[in-house]
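Visitor: Fold the following, please.
(chains A, B, C and D)
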Protein chains: 4
Amino acid sequence: MTEPHCDPHPNPAGIKRVAVLTSGGDAPGMNAAIRAVVRTATSQGIEVIGVRRGFSGLHRGDFITLGPRDVANTLQRGGTILLSARSHTWRTPEGRARGARHLRAHDVDALIVIGGDGSFHGAHFLQEEHGIPVIGLPGTIDNDLYGTDHTIGYFTAVETALDAVDKLRDTGASHERIFVIEVMGRHAGHIALDVAVAGGAEEVFIPEDAKEVAGVLDIVRASVKKGKMGSIIIVAEGYPGGATGVAQAIQDGTGMETRVSILGHIQRGGSPVSSDRILASRLGEAAVYALMEGKSDVMVGRQNHETSFTPLADTWEKRKDVSRDLYRCAKTLSI
Amino acid sequence: MTEPHCDPHPNPAGIKRVAVLTSGGDAPGMNAAIRAVVRTATSQGIEVIGVRRGFSGLHRGDFITLGPRDVANTLQRGGTILLSARSHTWRTPEGRARGARHLRAHDVDALIVIGGDGSFHGAHFLQEEHGIPVIGLPGTIDNDLYGTDHTIGYFTAVETALDAVDKLRDTGASHERIFVIEVMGRHAGHIALDVAVAGGAEEVFIPEDAKEVAGVLDIVRASVKKGKMGSIIIVAEGYPGGATGVAQAIQDGTGMETRVSILGHIQRGGSPVSSDRILASRLGEAAVYALMEGKSDVMVGRQNHETSFTPLADTWEKRKDVSRDLYRCAKTLSI
Amino acid sequence: MTEPHCDPHPNPAGIKRVAVLTSGGDAPGMNAAIRAVVRTATSQGIEVIGVRRGFSGLHRGDFITLGPRDVANTLQRGGTILLSARSHTWRTPEGRARGARHLRAHDVDALIVIGGDGSFHGAHFLQEEHGIPVIGLPGTIDNDLYGTDHTIGYFTAVETALDAVDKLRDTGASHERIFVIEVMGRHAGHIALDVAVAGGAEEVFIPEDAKEVAGVLDIVRASVKKGKMGSIIIVAEGYPGGATGVAQAIQDGTGMETRVSILGHIQRGGSPVSSDRILASRLGEAAVYALMEGKSDVMVGRQNHETSFTPLADTWEKRKDVSRDLYRCAKTLSI
Amino acid sequence: MTEPHCDPHPNPAGIKRVAVLTSGGDAPGMNAAIRAVVRTATSQGIEVIGVRRGFSGLHRGDFITLGPRDVANTLQRGGTILLSARSHTWRTPEGRARGARHLRAHDVDALIVIGGDGSFHGAHFLQEEHGIPVIGLPGTIDNDLYGTDHTIGYFTAVETALDAVDKLRDTGASHERIFVIEVMGRHAGHIALDVAVAGGAEEVFIPEDAKEVAGVLDIVRASVKKGKMGSIIIVAEGYPGGATGVAQAIQDGTGMETRVSILGHIQRGGSPVSSDRILASRLGEAAVYALMEGKSDVMVGRQNHETSFTPLADTWEKRKDVSRDLYRCAKTLSI
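Guide: The predicted structure is shown next:
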């Protein structure tokens, strides 16, 4: 079938068939990334195999064929149509050898892995031990990946958390209560910081800053004195003690009543917002082109509005800091 | 000021000034009810006093004047502009006497209380001990009030919980996990049941039915066998053990991994959905007319699409059951 | 496979296989109704055939088999998985005879039609001319069907329109403009009236009331004088002249600048709200039971919280009025 | 009052009082920007005067004082609390002289203008003719401002349009129809392009590309042949002929039935999404600091995640192009 509106991309690597999988915690926009991989590949005459249940499925040869119509109407769906799972077998050389055999048996030339740094580690081993070209796509709501300004799923997770904060502010204001809200981010405060600024929080606690709760009790007290109707405190999951610890410290230190809300897994779901769909679409397209150009063992990201390639190893060895000026801004705006 | 489009309602009770307060947990639509009270009263030449912070504010004389423009742009806001609070002083005859004095000092002819049965109890005492006419408006997300088909805030709470369930289904399906989700409802399973049917849950546990988790393990196992991608179990807050207990019992009984999500206070907030705004508008209007007609010590509700009046005492003495046929329907549809 | 949690329903009609189709304009919740039909039938040992593209597909024998898993994850989807279409062939006896032959060839015992009164007319002919039992389910956003308090899709359409009104009020208030908003309702003002009350509109124009725009210019002028920031006027599609006509009349009569917004087809789409999903689930279940009990040529509806059955002919011969007291309430609350 | 958590920013310009206004079409996030200006200024001991109704209000001296509490609970509100309006008087030197006199009479040291290039033009004249320092903040949903990657309101407008497209796709797919949807963007295709990619559109028409509809009829025909259920075509308001013209050309050229949906002003309203709130917060803070540092006649923007300053004149003399690689990506992904 001719696709008149798609120019052929150079394919020195001679890619004819690629596999794609999603791994680790699911993130909104993963389907948009899969769709972009499938449609870009197809438009270049490349076939796509979907691997179900991440590396666990790769190990077991849980494969399906993916054509352009198979990904129709998935762009706006949360979750991942390829499913995701943790894999213990993948951690052994034998397990990975078995996965490589499955790929070869299906004439797969390269693998695209959508996930976080742990998943990229698994991909890296496949390349290193079996010479199969691999490309990583940053898919995790936490945004804690070096080598890309944002990760697929991040924008939606922030929006979902913000929606919850807006709702809690309604009831918090009506009862003049202090709400301590825990958002996702086991190792990073990106979500927490964005939500704090966008949600008008009085304070935010992130893993990247070891400040103690005791040090901010004055702010909480001042906030109440200033006549604020209800206060919002945001805590990243990875801050020692979490929301429960912070709430307890505030109650102990000020005698004020607090309410804890742990948003949890709702932050993973939902239809992806436009920014995640667009990022996923761009990266999925770029991943196919990168493989055709012979790139491997790198993550495709987007930095300063341009496609970028980062060695997979950097993603678990280097660290992306939160925006320090936004952190300062959060304080200024909470007066 | 003439209001040409409002016919005068008979006012044998000679009401010239009413007070209105919100009490207990806040519920989306309370502002719509306050607005309806203010605008209906004003259109009938009656003045309105807003009491801030519920009975606690009534006891302290925390009053403000409310005109039609003061409630502009509040219809779509969550929470309550009059604030809400628990009151300990109101439980004593002295406390109530003080509140009655404040009302008399401000020439208030009658009081409208928006809240639940506990709040109506407080209103009832005021009427009984001090002869001040009182009308109750059902404002609670739990829908557990005898004498009205629905309570103000209920529809929005169900919608918020359902939105969370839809999101959790995305991630649950991607990981083929069992999600056990706790929704509000300390004494009643109305929210849980609606969310279960609308959210396509496999099972629902409500306070009204003492079934044990052990009895439904077969259903959970069968659900997984049938190839369902992820399962949703809904638990009302008031079911013994809550979501945590149910999840533990499922894990113990089946060995399957479960995830618990407790939705919490987000169910109280947010812009009210249309059904809550309309119900609140209707009831606010009816409350003013009821006082003008000389009614007192009753709750204004809506039953079978008509305005109804229920003695306040009935609201804490009688009980509204969940819809039994919906409960049965939930089972049929989860196959 | 045994379904231990579903009691067998009496089946004197001996139904073994039913067909289901969606017809006319699609409405959010149609999928929930299809799902309920499929799951209820399956739980009773009855097979289900889905007819695609409404009567047009029935005429052409465009059939698919529907099992419980085929309707998984459809509860929350807008549109209809069975598609819908207008049919010209169905209007002739020959066309209907052909459809009946297709049904007989597939051993179909009865047909469930989800749609409006036009679609029910088509079903009625099938029953009358070919003796095939038919049941109608009210699926239309307009809510203009006699014999049921609400139709499937209505609640979602109101919510979508209300969300648009809330947004338009933001920009209207910022520019102190008069917005004239047209909502769906070719023959009925149900949506318009609900949206007007819930959206805090200054005025509402519905087909059921022949009042002239000239008569309400005073209200518009007064609204501006009272210091209102922006005004919202709601017009049902079926009011003569529509929003464009009303806006012109206001501009001509007052010299004030107006903006017109015609919401259009977005009101048909979107994930159904809980009320639509629950109504659809209940009615889908009831339709299967009704066929088993030998009922035919009736629409299953819900009135005063109970299942009701209305002769199909009544749905196009009788008329459901808008709520007159809500219409009055809309005026009172707009002061 | 001491604000212990805010470091003093250098103030060589000696700013003691600033004025802020919103001008042109309102955009979601304008309130967040006003709030950031007020709170940053206050934390630096600078007073803030709000000018109501844009330049029209400046001309008439329509001023209010803004303290930190006055902007509480505005972060999440659409529209602008300072109102906006077109001004004819501002176009004359006499009009501007009168505005300058009002500012001087209120001891205002500098003016912050939130709006688009037209508004910046007005600000530029004030600086040029009367030596009053001015800073521009990019507030317009169209994103068509040179000197900033994104404008305040853009992200929300895209999200609102995308939500509508998702809904229209539901109904479009059910009826297998072609929907031609017009989104805002009088001179620029930014919104259209983002919505097309995120909404999975078959085609997009933007003012920046003069391609003719006739040239893409093959794509539309091919889309239908490929078995796509419904097609979505996005048209920017500024594309010659708009959605109506495109729909007509498709109908004429292919004989296929199309439906037109013009989204209109709903794209301006609604609670701002997180990206707009954060951008507005950052820019509002930066604007105050910039004035303190003695900057003037520039727009504060954000480029590649850093604050940037662009001469106001550049905003109307230079042009920001749409993302060409996204435009190409849109085609690839629509196969």
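
Visitor: Would you enumerate the residues in contact with residue A:160?
Guide: By Cβ atoms under 8 Å, 6 or more residues apart in numbering or on different chains, residue A:160 lies in contact with A:263, A:266, A:267, A:269, A:270, B:167. Glycine gets a C-beta too; all of them are placed from N, C-alpha and C.

Visitor: same question, residue A:247
Guide: A:178, A:180, A:233, A:258, A:259, A:260.

Visitor: Quick check: which ranges of the stretch 201-335 of chain A have low pLDDT?
Guide: A:227-228 (pLDDT under 70).

Visitor: Tell me how far residue A:294 lies from residue A:46.
Guide: 14 Å (Cβ to Cβ, to the nearest Å).

Visitor: just residue A:126 next, same as before
Guide: For residue A:126, the distance to residue A:46 - Cβ to Cβ - is 19 Å.

Visitor: same check, this time on residue A:107
Guide: Distance from residue A:107 to residue A:46, by Cβ to Cβ: 12 Å.

Visitor: what residues are shared contacts of these two?
Guide: A:16, A:17.

Visitor: Compare the two (neighbour count), which wins?
Guide: residue A:46 (21 against 10; other Cβ atoms under 10 Å in any protein chain shown).

Visitor: Can you tell me the SS state at the residue lying closest to that one once chain neighbours are set aside?
Guide: Spatial nearest neighbour of residue A:46, chain neighbours left out: residue A:15 (5.7 Å); criterion: Cβ to Cβ, 6 or more residues apart in numbering or on different chains. Classification of residue A:15 by DSSP: H, G, I helix; E, B strand; the rest coil places it in coil.

Visitor: unless I'm mixing things up, residue A:15 is touching residue A:291, no?
Guide: Yes. Counting by Cβ atoms under 8 Å, residue A:291 is a contact partner of residue A:15 at 5.2 Å.

Visitor: Show residues contacting the host helix or strand of residue A:310.
Guide: Residue A:310 belongs to strand A:306-311 when assigned by DSSP states H and E. Residues from elsewhere that reach strand A:306-311 (Cβ under 8 Å, 6+ apart): A:146-148, A:282-283, A:286, A:290, A:295, A:297-302.

Visitor: next one: stretch A:165-175
Guide: Taking Cβ under 8 Å, 6+ apart as the rule, stretch A:165-175 contacts A:177-179, A:181, A:195, A:199-201, A:229-232, A:234, A:259, A:261, B:22, B:25-26, B:28, B:77-80, B:83-85, B:160, B:265-266, B:268-270, D:73, D:76, D:271.

Visitor: and if we set it to 7 Å?
Guide: A:179, A:181, A:195, A:199, A:229-230, A:232, A:261, B:26, B:78-80, B:83-85, B:160, B:265-266, B:268-270, D:76 (Cβ atoms under 7 Å, 6 or more residues apart in numbering or on different chains).

Visitor: Next step: the residues you listed restricted to strands.
Guide: Among the contacts of stretch A:165-175, the members found in strands (DSSP state E) are A:179, A:181, A:232, A:261.

Visitor: mind checking how far the closest residue to the third one other than its chain neighbours is from residue D:290?
Guide: When the adjacent residues along the chain are set aside, residue A:232 lies closest to residue A:201, with 4.4 Å between them (Cβ to Cβ, 6+ apart). Computed as Cβ to Cβ, the residue A:201 to residue D:290 distance reads 25 Å.

Visitor: all helices for chain A, in order.
Guide: Secondary structure of chain A (DSSP state H): helices located at A:30-43, A:54-60, A:93-105, A:117-130, A:154-175, A:190-199, A:217-225, A:242-254, A:274-292, A:312-317, A:324-333.

Visitor: helices and strands around the fourth one, which ones?
Guide: Using 3 or more Cβ pairs under 7 Å, 6 or more residues apart in numbering or on different chains; DSSP states H and E, the elements in contact with helix A:117-130 are helix A:93-105, strand A:110-115, strand A:134-138, helix A:312-317.

Visitor: Just the CA coordinates for that helix, please, in CSV.
Guide: Output in CSV follows, covering the C-alpha atoms of helix A:117-130 (Å, rounded to 0.1, in the frame of the first residue of the first chain):
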residue,chain,number,x,y,z
ASP,A,117,15.4,3.3,34.3
GLY,A,118,14.9,-0.2,35.7
SER,A,119,13.4,-1.3,32.4
PHE,A,120,16.2,0.4,30.5
HIS,A,121,18.7,-1.7,32.5
GLY,A,122,17.0,-4.8,31.3
ALA,A,123,17.1,-3.6,27.7
HIS,A,124,20.8,-2.6,28.1
PHE,A,125,21.6,-6.2,29.1
LEU,A,126,19.8,-7.5,26.0
GLN,A,127,21.9,-5.3,23.8
GLU,A,128,25.1,-6.1,25.6
GLU,A,129,24.7,-9.8,25.9
HIS,A,130,22.9,-10.6,22.7
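
Visitor: okay, the angle between it and strand A:306-311?
Guide: Comparing the axes of helix A:117-130 and strand A:306-311 via axes from the mean of the first three to the mean of the last three Cα atoms, to 10 degrees yields an angle of 60 degrees.

Visitor: Could you quantify the relative orientation of helix A:117-130 and strand A:110-115 as an angle?
Guide: 160 degrees.

Visitor: Now helix A:117-130: buried residues?
Guide: Buried residues in helix A:117-130, counting neighbours by 16 or more other Cβ atoms under 10 Å in any protein chain shown, are found at A:117, A:119, A:120, A:121, A:122, A:123, A:124, A:125, A:126, A:127, A:130.

Visitor: between those, which is closest to chain B?
Guide: residue A:119 (14.0 Å; Cβ to the nearest Cβ).

Visitor: Pull up the gap between the residue nearest to that closest one when sequence neighbours are not counted and chain B, please.
Guide: Closest residue to residue A:119 apart from its sequence neighbours, by Cβ to Cβ, 6+ apart: residue A:23 at 3.7 Å. Distance, residue A:23 to chain B, using Cβ to the nearest Cβ, to the nearest Å: 11 Å.
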